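Student: Pasting a predicted model and its sequence here:
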Amino acid sequence: MKTTTFDVLGVMSGTSLDGIDLAYVQFEQQKTWRYKLLQCITVPYPKFWQGQLSHLPEKPLEALQKLDVAYTAYLGEVIAQFCLKHQLPPSVFISSHGHTALHQPAEGVTYQLGNLKSLATATGRTVVCDFRTQDVALGGQGAPLVPVGDKLLFSTYAACLNLGGFANVSINTSKGIKAFDIAAVNTVLNSFAQQLGQPYDDGGTIAKSGQNIPELSEALQAISFYHKPPPKSLGVEWVQATLAPLFNQFSTAAVPDVLHTYTQHIAAVIGDTLPRSGAVLVTGGGAFNSYLMHCIQQHTTTEIVVPSKELISFKEAVVFAFLGVLQRLEIPNCLAEVTGAEQDHVSGKIFFPSK
């Protein structure tokens, strides 16, 4: 059988604001899909962009659109430097998630920065981007988008768990794939660690040193989102509307105690979500949080598989590269069974550089 290959640069920026993930990937299509991660790097955000991206839901649309132009130019510079350094052939195209500014699917709104046509001009390459908008227009959540990659690239696992700004999971079932957001993870953990002058809770050592706050634990368990059936997704707006007022009630509590309580809480919620057997592939920055991983394992009988550091950090960028391949082949890359859209569909806009 003839082998078809695609070389793609996947680009991802998550809500935890770690930086821009770039993954140069080669995909092969025979009877099944295979991938090879050729080059990858995370480019940390400078303080200016960390500041600009940390309060996006509070900005009016006009300000977001203005910021979008500047962010797209910055993203183009980062991508162009990567392509030059690694001498990527002109045939390599870019498949980019962008950075989520607004995500309110119930109101029919989702907006990612960095999805402008100027990205193609800045990089001199074909760009596939803006994967969420069409799904929301079709009545879907616009998330999660990774499950199609989990289904076609990581099908040997019973489930794939991502621990990024938010935790999300894809579970293989006899009836198909079930996928949804579970809880806020690094968006919350990082914010409390930063109150102690740390960018994040390295290994979960701060959380491990704390004590449980029973009243906070009880209040967290009562959050209605956890009991809502999928499809469902989360955004920074949910953290601000639901979690922030709750944490404010415990503003005098010691930060290690809050981190301990919240880590224990999300571990229980995640553990209860996972299948009872098989292996679960865990990726995303939270996989480096050894205390969180220990707590999750206490709440599940499933085998937890932590892969290489590269796959932990760049799996989402790999999958977004794959979404671009599917878009160009006109193969559905948004699954109605996980987003709740009217139908499976081919999502993503394609831009070509100006001549």
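Tutor: Okay, I see it. Bear in mind that the values here come from a model prediction, so they are computed numbers and not experimental data. Residues are numbered from 1 along each chain as shown.
Student: which helices and strands sit right next to the longest helix along the chain?
Tutor: Across the chain, the longest stretch assigned as helix under DSSP state H is helix 61-85. Applying 3 or more CB pairs under 8 Å, 6 or more residues apart in numbering; DSSP states H and E, we find helix 61-85 packed against strand 4-13, strand 20-29, strand 33-43, helix 47-53, strand 93-104, strand 109-113, helix 118-123. Just so you know, the C-beta spots here come from the backbone N, C-alpha and C atoms, and that holds for glycine as well.
Student: Quick check: next helix or strand after the helix or strand hosting A317?
Tutor: Element membership for A317 (DSSP states H and E) is helix 309-328. For helix 309-328, the succeeding helix or strand toward the C-terminus, using DSSP H and E, is helix 336-339.
Student: still on that earlier bit, now render the helices and strands packed on helix 61-85 as TSV, adding mean neighbour count.
Tutor: Formatted as TSV, the helices and strands packed on helix 61-85 follow (neighbours: other CB atoms under 10 Å):
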stretch	mean neighbour count
strand 4-13	22
strand 20-29	21
strand 33-43	16
helix 47-53	14
strand 93-104	24
strand 109-113	22
helix 118-123	21
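Student: a markdown table please, covering those and showing distance to D257 and mean pLDDT.
Tutor: Converted to a markdown table, those look like this (distance: least, CB to CB, whole Å; pLDDT from 0 to 100):
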| stretch | distance to D257 | mean pLDDT |
| --- | --- | --- |
| strand 4-13 | 31 | 96 |
| strand 20-29 | 32 | 97 |
| strand 33-43 | 31 | 97 |
| helix 47-53 | 27 | 94 |
| strand 93-104 | 30 | 95 |
| strand 109-113 | 35 | 94 |
| helix 118-123 | 44 | 97 |
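Student: Same list, these, but as a markdown table with distance to A244 please.
Tutor: Output for the helices and strands packed on helix 61-85, formatted as a markdown table (distance: least, CB to CB, whole Å):
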| stretch | distance to A244 |
| --- | --- |
| strand 4-13 | 22 |
| strand 20-29 | 26 |
| strand 33-43 | 27 |
| helix 47-53 | 18 |
| strand 93-104 | 16 |
| strand 109-113 | 20 |
| helix 118-123 | 33 |
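Student: how about those, which one is nearest F192?
Tutor: Distance to F192, taken as CB to CB, is lowest for helix 47-53 among the helices and strands packed on helix 61-85, at 16.7 Å.
Student: and that closest one, what does it pack onto?
Tutor: Helix 47-53 sits against helix 61-85, with contacts defined as 3+ CB pairs under 8 Å, 6+ apart.
Student: Strand 93-104 and the helix it packs on, what's the angle between them?
Tutor: Taking axes from the mean of the first three to the mean of the last three CA atoms, to 10 degrees, one finds helix 61-85 and strand 93-104 inclined to each other by 160 degrees.
Student: can you pull the buried residues of helix 61-85?
Tutor: Buried residues in helix 61-85, counted by 16 or more other CB atoms under 10 Å: 64, 67-68, 71-72, 74-76, 78-79, 82-83.
Student: Endpoint to endpoint, stretch 41-56 covers what distance?
Tutor: Stretch 41-56 has its terminal residues 25 Å apart, counting by CA to CA, to the nearest Å.
Student: what's in contact with it?
Tutor: 17-22, 64, 67, 71, 74, 78, 82, 99-102, 113, 236, 313 (CB atoms under 8 Å, 6 or more residues apart in numbering).
Student: Stretch 93-104: how far from the chain's middle?
Tutor: From the chain centre to the centre of stretch 93-104 is a distance of 10 Å (CA atoms, centre = their mean, to the nearest Å).
Student: Pull out the CA atoms of it and give them to me as PDB.
Tutor: Extracted in PDB, the C-alpha atoms of stretch 93-104 (Å, rounded to 0.1, in the frame of the first residue of the first chain):
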ATOM      1  CA  PHE A  93       2.600  24.200   6.200                       C
ATOM      2  CA  ILE A  94       1.500  25.600   9.600                       C
ATOM      3  CA  SER A  95      -1.500  24.300  11.600                       C
ATOM      4  CA  SER A  96      -2.200  26.600  14.400                       C
ATOM      5  CA  HIS A  97      -4.600  26.700  17.400                       C
ATOM      6  CA  GLY A  98      -3.900  30.300  18.300                       C
ATOM      7  CA  HIS A  99      -4.500  31.500  21.900                       C
ATOM      8  CA  THR A 100      -8.000  31.400  23.300                       C
ATOM      9  CA  ALA A 101      -9.300  34.900  24.200                       C
ATOM     10  CA  LEU A 102     -13.000  34.100  24.700                       C
ATOM     11  CA  HIS A 103     -14.800  30.800  24.900                       C
ATOM     12  CA  GLN A 104     -18.500  31.000  25.700                       C
END
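Student: check contacts around A101.
Tutor: 56-57, 59, 64, 67-68, 111-113.
Student: Check K232 too.
Tutor: K232 touches 141, 180-181, 225, counting by CB under 8 Å, 6+ apart.
Student: Which PyMOL command selects the buried ones in those?
Tutor: Buried residues among these (16+ other CB under 10 Å), as a PyMOL selection:
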select buried, resi 141+180+181
